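Undergrad: Model the following, please.
(2 chains)
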Protein chains: 2
Amino acid sequence: MGNDKVLLDHGSGGKISHAMISNMILPAFNNPVLNRLDDGAVLEMNGGRVAFSTDSYVVDPIFFPGGNIGDLAINGTVNDVAMCGAIPEYVSVGLILEEGFSSDDLSIILQSMARAAQKAGVQVVTGDTKVVPRGKADKIFINTSGFGIIPPGIHLSGSSASPGDRVIISGTVADHGITVLTAREGLGIDSEIETDSAPLNHMVKEILKAAPGVHVLRDPTRGGVGTTLNEIAAQSGVGIRIKEQYIPLKGAVLGMCELLGFDPLYIANEGKLLAVVAPEDTDAALRAIQNSPFGRDAAVIGEVTAEDPGKVFLETVIGGARIVDMLAGDQLPRIC
Amino acid sequence: MGNDKVLLDHGSGGKISHAMISNMILPAFNNPVLNRLDDGAVLEMNGGRVAFSTDSYVVDPIFFPGGNIGDLAINGTVNDVAMCGAIPEYVSVGLILEEGFSSDDLSIILQSMARAAQKAGVQVVTGDTKVVPRGKADKIFINTSGFGIIPPGIHLSGSSASPGDRVIISGTVADHGITVLTAREGLGIDSEIETDSAPLNHMVKEILKAAPGVHVLRDPTRGGVGTTLNEIAAQSGVGIRIKEQYIPLKGAVLGMCELLGFDPLYIANEGKLLAVVAPEDTDAALRAIQNSPFGRDAAVIGEVTAEDPGKVFLETVIGGARIVDMLAGDQLPRIC
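TA: Below is the predicted model:
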């Protein structure tokens, strides 16, 4: 790690996270499934394929406009499983509670999780609760793990982007990260800003039905669209060019980003997906996304190139192009 | 919960834990799979059955004689999946790290997890790492979730114990809990005392092969043998009578229990199982367990009765019988 202590940056989802994963975690558990580094693992099981994913949620604050740590934890794992092309079915819930945490808040969070599970059509089938003494955790941390079957014929991976493919974003970017940040810092919540946390599995099902030429699905959570596109470019050995003017962004979110000096391309989303689609299927995929309740603002934002493999370029509104590098450290800790 | 704050007791695995599960968690996620309350969920998938389980590990200290939080986390989930009669295959790892945690310690823990996974014959296929600011978590918390296929014909459940069945414990009790306690409190580590943390899946495979009449397998972790037997008695609507003189217990562990005033029946084990077996298969099951490297001290400790449904009795060495109630609160917090 080039450092003898764990830093907040190691949890950022950016370059420093990737370095820790590459240097410490992959060598320890070395196996081809883990090494693929997709949002979930794709496993052979009982003659079919299953996608399996896990995420721990440590968001601060635990309640924020439009959601809380509970629905976030359900939607996040549902989405990671869905991004593998699977139909999420079963979810586990592991709670770590701080002694003294409010039972009422716990109850609200559990109810939110249950509602989120119902909306996504998944069942919470197993769980675990640990309590640590006061001051040894921050209120509540939630792990969710989930899995579901991948229908025959579906083969999605971050390594499947091809030159000529189009890049679609399913809606406005940076909503979740800016919502949590403003809630945490007490910056005065703009009523227009709320988390985009949502289950995307129903949308994914429609995309797969409408557009067999979809090659990659990925939800740009920690690290945002910029980091996720860099991951896809690296995994597929392609370049990606996106156009600033096409990237959907709410005015209020843009305003907060400008005020605070954040680049919305690096801010976490929790209800958005990036789809990399063969050109002939792009219109069908876009329509399928726009017909979903969580995809009305979807747009084609760029395309995949053979040039500049591993690199992402942004063509700015004022002309010219700049490299969109992977986020180095942590722009916003504890965003999910 | 009868209290507006989460207490350490809510994580004990005992009565107060059960009350929270019954009053808050089951109603929220109400579904028949979760409601069965076995060590893992049993799910239909691709025409077969899969067992799925999750656990978060918050043990303090993270290093203790014979193991650390890493191998504990792998073995624990491997065992929960195995107790469903499944062959554990895939495990996820979710890390929550405190900013400033030693990278060297993290590396040691990851290596231990990798070795434990190899010994158990499971693959770590997906993971997640979060970092929280200093003081917002205690060094490292680990969630592991895992699953595996249940072979056709295997039907184990805590609700399947029948009057006349024998109860087997696979070895000495209370080793893990007493090890962690003495390590935490700096009570001077007796070299004979170390954690029993071990993967039990290979032992389970041999039991199932040798003894088709095994009805229940359960690993008595948090809450110990006493709490686990109470769970089985309640789930199956039977009584259970065990004999104190048959319960294997290391002298050094007994000594620490007596010194500190703990009842070894309520102390956590991390490499032991309880098997409830039809009388005609008891010898075969016992031999299968004793042939396993982790089962040499196995013994038949009691039997299942039609009388006193839901109750567990201990026949003491000095004669007479006392009720072994479910542990109320938390005898030893942060033991796993």
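
Undergrad: Show the residue spans covered by the helices in the stretch 151-300 of chain A.
TA: For the stretch 151-300 of chain A, the helices defined by DSSP state H, counting those that start in this stretch cover A:175-185, A:201-210, A:224-236, A:251-260, A:282-290.

Undergrad: tell me which residues in the shortest one are buried?
TA: Residues A:282, A:284-286, A:288-290 are the ones in helix A:282-290 that count as buried (16 or more other CB atoms under 10 Å in any protein chain shown). In short, each C-beta sits where N, CA and C put it, glycine included.

Undergrad: and if you look at the first one?
TA: For helix A:175-185, a neighbour-count test (16+ other CB under 10 Å) marks A:175-184 as buried.

Undergrad: any chance of the residues you listed in JSON lines, with distance to A:H202 and pLDDT too?
TA: What follows is the buried residues of helix A:175-185, written out as JSON lines (distance: CB to CB, whole Å; pLDDT from 0 to 100):
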{"residue": "A:D175", "distance to A:H202": "19", "pLDDT": "97"}
{"residue": "A:H176", "distance to A:H202": "19", "pLDDT": "97"}
{"residue": "A:G177", "distance to A:H202": "24", "pLDDT": "95"}
{"residue": "A:I178", "distance to A:H202": "25", "pLDDT": "94"}
{"residue": "A:T179", "distance to A:H202": "23", "pLDDT": "95"}
{"residue": "A:V180", "distance to A:H202": "25", "pLDDT": "95"}
{"residue": "A:L181", "distance to A:H202": "29", "pLDDT": "92"}
{"residue": "A:T182", "distance to A:H202": "29", "pLDDT": "91"}
{"residue": "A:A183", "distance to A:H202": "27", "pLDDT": "92"}
{"residue": "A:R184", "distance to A:H202": "30", "pLDDT": "90"}
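
Undergrad: Between which two of the residues you listed is the distance greatest?
TA: Farthest pair in those (CB to CB) is A:D175 and A:R184. Separation: 15.0 Å.

Undergrad: touching chain B at all, the longest helix seen in chain A?
TA: Scanning chain A for the longest helix, with DSSP state H as the assignment, gives helix A:103-120. Yes: applying CB under 8 Å from any CB of the partner chain, one finds helix A:103-120 in contact with chain B at A:103-104, A:106-107, A:110-111, A:113-114, A:117.

Undergrad: Contact partners for the residue of the stretch 151-300 of chain A found nearest chain B?
TA: Closest contact between the stretch 151-300 of chain A and chain B, by CB to the nearest CB, is at A:R222 (9.0 Å). Neighbour list for A:R222: A:11-14, A:17, A:268, A:335-336 [criterion: CB atoms under 8 Å, 6 or more residues apart in numbering or on different chains].

Undergrad: Could you single out the nearest of these to chain B?
TA: Comparing the contacts of A:R222 against chain B with CB to the nearest CB places A:G11 closest, at 3.1 Å.

Undergrad: Point out where chain A drops to low pLDDT.
TA: Scanning chain A for pLDDT under 70 picks out A:1-3, A:188-191, A:329-331.

Undergrad: change it to 50
TA: Regions of chain A meeting the criterion pLDDT under 50 cover residues A:1-2.

Undergrad: Show me where it has its strands.
TA: For chain A, strands defined by DSSP state E occupy the ranges A:41-45, A:48-57, A:63-64, A:67-68, A:87-98, A:123-132, A:140-150, A:166-169, A:214-218, A:239-243, A:274-277, A:299-305, A:312-315, A:321-323.

Undergrad: Does anything pack onto the second one? Which helices or strands?
TA: In this case it means strand A:48-57. strand A:41-45, helix A:69-82, strand A:140-150, strand B:87-98, strand B:123-132, strand B:140-150 (3 or more CB pairs under 8 Å, 6 or more residues apart in numbering or on different chains; DSSP states H and E).

Undergrad: Let me have these in TSV, adding mean neighbour count and distance to B:A321 as columns.
TA: Putting the helices and strands packed on strand A:48-57 into TSV (neighbours: other CB atoms under 10 Å in any protein chain shown; distance: least, CB to CB, whole Å) gives the following:
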stretch	mean neighbour count	distance to B:A321
strand A:41-45	19	47
helix A:69-82	29	45
strand A:140-150	28	42
strand B:87-98	25	37
strand B:123-132	25	46
strand B:140-150	28	36
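
Undergrad: I'd like these written out as CSV, with distance to B:I323 added.
TA: Shown next, in CSV, are the helices and strands packed on strand A:48-57 (distance: least, CB to CB, whole Å):
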stretch, distance to B:I323
strand A:41-45, 44
helix A:69-82, 38
strand A:140-150, 35
strand B:87-98, 35
strand B:123-132, 42
strand B:140-150, 34
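
Undergrad: A:L217 is nearest to which of these?
TA: Among those, helix A:69-82 comes nearest to A:L217, with 7.4 Å by CB to CB.

Undergrad: Once you drop chain neighbours, what's closest to A:N31?
TA: Excluding the flanking residues, the one nearest A:N31 by CB to CB, 6 or more residues apart in numbering or on different chains is B:Q123, at 5.2 Å.

Undergrad: Next, work out how far apart the spatially closest residue to A:D165 that is not a sequence neighbour and A:L229 are.
TA: In this structure, A:D165 finds its nearest non-sequential neighbour in A:V304, 4.1 Å apart by CB to CB, 6+ apart. According to CB to CB, to the nearest Å, A:V304 stands 10 Å off from A:L229.

Undergrad: and for these two, which residues touch both?
TA: Counting by CB under 8 Å, 6+ apart, the shared contacts of A:V304 and A:L229 are A:167, A:240.

Undergrad: Compare those two (neighbour count), which wins?
TA: A:L229 (31 against 25; other CB atoms under 10 Å in any protein chain shown).

Undergrad: isn't the more buried one right up against A:A275?
TA: No: using CB atoms under 8 Å, A:L229 is not in contact with A:A275, being 11.9 Å away.

Undergrad: Need the overlap of contacts for those two.
TA: Here A:L229 and A:A275 share the contacting residues A:V167, scored by CB under 8 Å, 6+ apart.

Undergrad: what sits against the residue nearest the centre of chain A?
TA: What sits nearest the mean C-alpha location of chain A, by CA atoms, centre = their mean, is A:T221, with 2.9 Å. Neighbour list for A:T221: A:13, A:76, A:228, A:268-270, A:336 [criterion: CB under 8 Å, 6+ apart].

Undergrad: Derive a ChimeraX selection command for the buried subset of the residues you listed.
TA: The ChimeraX command for the buried members of the contacts of A:T221 (criterion: 16+ other CB under 10 Å) is given here:
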select /A:13,76,228,268,269,270,336
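
Undergrad: So which of the contacts of A:T221 is the closest to B:L327?
TA: Nearest to B:L327, judged by CB to CB, of the contacts of A:T221 is A:G76 at 34.2 Å.

Undergrad: what about the closest one, distance to chain B?
TA: 10 Å (CB to the nearest CB, to the nearest Å).

Undergrad: hang on, isn't that residue packed against A:N269?
TA: No: using CB under 8 Å, A:G76 is not in contact with A:N269, being 10.9 Å away.

Undergrad: per-domain residue ranges of chain A.
TA: According to automatic domain parsing, chain A comprises the domains A:8-150, A:166-323.

Undergrad: taking those domains together, which one is wrapped up most tightly?
TA: When the domains of chain A are scored by mean count of other CB atoms under 10 Å in any protein chain shown, the highest mean neighbour count falls to domain A:8-150 (a mean of 22).

Undergrad: now the domains of chain A in JSON lines, with distance to B:V214?
TA: JSON lines is the format used below for the domains of chain A (distance: least, CB to CB, whole Å):
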{"stretch": "domain A:8-150", "distance to B:V214": "22"}
{"stretch": "domain A:166-323", "distance to B:V214": "38"}
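
Undergrad: Excluding sequence neighbours, find me the nearest residue to the closest residue to chain B within the stretch 201-336 of chain A.
TA: Closest to chain B within the stretch 201-336 of chain A is A:R334: 6.2 Å, counting by CB to the nearest CB. Computed as CB to CB, 6+ apart, the closest residue to A:R334 that is not its neighbour in sequence is A:D60, at 4.3 Å.
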